[in-house]
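K.L.:
Give me a model of this one.
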Amino acid sequence: MLKGRVNWLVDEAESMLNTASQQLMLSGNLQGAVSVLEHIDSRLSRFEQPELIPIKQAISNDLAALKNRPYVDISATALRIDRLETGISGLPLVLDGVLKPGAAPVEASNSGTWWENTWEKSLNALKGLVEVRHLDSNDAMLISPDQTYFIRENLRLRLLDARIALLQHNGEVYQSDLNNVEATVKQYFDSKSPATQSWLKELAELKALDVRMISDDSLKASLSAVRAYQEGSRTQMTTEEATQTQAAEKTASAPAATTEQATTAAPAAASAPQSLEAPALPSENKKNRPPKLPNHKTKPSLLPKLKESKHENRRLDCHSVCRRRRFSVGFRHLYRQRVRRG
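P.N.:
This next block holds a predicted model:
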């Protein structure tokens, strides 16, 4: 009974492992696979059979490997990409910061003479006429307002492509799209702006995620151990069934052999040669009849032989009577013919 429960539990574990492996391959459901392995481990811990030790070891190793693997929440990551896409419209361009008028100079206190105050005001006015800034990209200064619209839309398309790659667990396309987005933002937008810096920080966190497809080897050890146990169990059951069949055949062949010996002994006795005497006259037929059997009880094994001997004697008696009648009729016919001729 316990052996049947263990086999049923192993079959159920194989079904759950196959489902978890499909979930890992199709949707990357790492938490679902971990919960399945923990459930199987808790079920197997109730049994102490030594045949289950390889399955327990394989499940424990696969469970530890899956727990050490970083988990990526696909839905939460997709929502973060949507937030980045919404924040693109609020990013300031480099051109906007350059063309923005500088801060007004602070007026000095009127502590000096009239000539000194007039001189300082004239110098501040001359400094505001020309402003020198360093730009890393010259292309940012050549952008027209129409081109600014297309730059922002290009960023949105790149982020949309990255989200599709995330859902498909295509890590190479995902990283490539985010790298292109980061390079475009640093080239055409003001990286010194607080809004741009927070936007780039969240983009860097998304780039650090590993969204590659989980290989089907993650649960291969557990599935191999379960299938090895099932093959050994089937082989053992086949051997036991063959042994039981052989024992049943031996038990059934013993009575059959005894019956066959008894059956072969009866025809042998019936086919034994019997001494035939010359046909006697009808008057002597009574003397040649077989003697009657005694009244004492006969053994059951001799009854078939006695019945066959009775039938054989009756058959011989009928043949002898017919031959005698034919002889007597022929003799009478010849006798009558001689009497007529004489």
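K.L.:
Skip ahead from the host helix or strand of Ser15 and say which helix or strand is next.
P.N.:
Using DSSP states H and E, the element containing Ser15 is helix 2-27. Using DSSP H and E, the helix or strand that follows helix 2-27 in sequence is helix 30-44.
K.L.:
now the residue nearest to Ile55 when sequence neighbours are not counted: how far from Ala13?
P.N.:
Once flanking residues are discounted, Ile55 sits nearest to Ala225: 4.5 Å by Cβ to Cβ, 6 or more residues apart in numbering. All C-beta atoms are positioned from the backbone trio N, CA, C, and that covers glycine. Per Cβ to Cβ, to the nearest Å, Ala225 is found 10 Å from Ala13.
K.L.:
what about this protein, any weak spots by pLDDT?
P.N.:
Scanning the chain for pLDDT under 70 picks out 1-3, 96-112, 128, 130-142, 215-216, 236-237, 240-242, 252-331, 342.
K.L.:
Going by contacts, tell me the helices and strands next to the helix or strand harbouring Thr86.
P.N.:
Taking DSSP H and E as the definition, one finds Thr86 inside helix 74-87. Judged by 3 or more Cβ pairs under 8 Å, 6 or more residues apart in numbering; DSSP states H and E, helix 74-87 is in contact with helix 145-167, helix 194-207.
K.L.:
Which strands or helices does the shortest one pack on?
P.N.:
What that stands for is helix 194-207. By 3+ Cβ pairs under 8 Å, 6+ apart, helix 194-207 packs against helix 74-87, helix 171-188.
K.L.:
my guess is Ala65 contacts Asp217, does it?
P.N.:
No: look at Ala65 against Asp217 with Cβ atoms under 8 Å: they stay out of range, at 9.7 Å.
K.L.:
So between the two, which is more surrounded?
P.N.:
Ala65 (14 against 10; other Cβ atoms under 10 Å).
K.L.:
Give me the contacts around the host helix or strand of the more buried one.
P.N.:
Following DSSP H and E, the helix or strand that holds Ala65 is helix 53-68. Residues from elsewhere that reach helix 53-68 (Cβ atoms under 8 Å, 6 or more residues apart in numbering): 10, 13, 30, 33-34, 37-38, 40-41, 44-45, 218-219, 221-222, 224-226, 228-229.
K.L.:
Would you quantify the distance from Ala227 to Pro54?
P.N.:
I think there's a mix-up here, since residue 227 is Arg and not Ala. Taken as Cβ to Cβ, the span from Arg227 to Pro54 is 11 Å.
K.L.:
Neighbour count: those two, which is higher?
P.N.:
More crowded of Arg227 and Pro54, by other Cβ under 10 Å: Pro54, with 16 against 13.
K.L.:
List the buried residues of stretch 190-197.
P.N.:
Judged by neighbour count (16 or more other Cβ atoms under 10 Å), stretch 190-197 contains these buried residues: 190, 193, 196.
K.L.:
Looking at the residues you listed, which one is closest to Thr184?
P.N.:
Thr196 (11.9 Å; Cβ to Cβ).
K.L.:
For the closest one, which residues are in contact?
P.N.:
91-92, 185, 189-190.
K.L.:
what about Asp62, neighbour count?
P.N.:
Neighbourhood size, Asp62 [other Cβ under 10 Å]: 24.
K.L.:
Now tabulate the contacts of Thr196 in a markdown table and tack on distance to Tyr149.
P.N.:
Below are the contacts of Thr196 laid out as a markdown table (distance: Cβ to Cβ, whole Å):
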| residue | distance to Tyr149 |
| --- | --- |
| Leu91 | 13 |
| Pro92 | 15 |
| Val185 | 16 |
| Phe189 | 14 |
| Asp190 | 17 |
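K.L.:
which pair in these spans the largest distance?
P.N.:
The distance between the two most remote of the contacts of Thr196 (Cβ to Cβ) is 10.9 Å, for Pro92 and Val185.
K.L.:
Comparing these two, which residue is more hemmed in?
P.N.:
Remark: of Pro92 and Val185, Val185 carries more neighbours, 20 against 16, as counted by other Cβ under 10 Å.
K.L.:
residues touching that one, list them.
P.N.:
When contacts are counted by Cβ under 8 Å, 6+ apart, Val185 is found next to 91, 155, 191, 196, 199-200, 203.
K.L.:
State the distance from it to Gly90.
P.N.:
Remark: distance between Val185 and Gly90 (Cβ to Cβ) = 12 Å.
K.L.:
Can you list the buried residues in stretch 144-156?
P.N.:
151, 155.
K.L.:
related to what we said a few turns ago, counting contacts, what elements does the helix holding Ser15 pack onto?
P.N.:
So helix 2-27, by 3+ Cβ pairs under 8 Å, 6+ apart, packs with helix 30-44, helix 220-270.
K.L.:
Can you say which of the contacts of helix 53-68 are buried?
P.N.:
Buried members of these, counted by 16+ other Cβ under 10 Å: 10, 13, 30, 33-34, 37, 40-41, 44, 218-219, 221-222, 225-226, 229.
K.L.:
State the pair within those residues that is farthest apart.
P.N.:
Between all members of the buried ones among the contacts of helix 53-68, the farthest pair (by Cβ to Cβ) comes out as Leu30 and Tyr229, at 25.9 Å.
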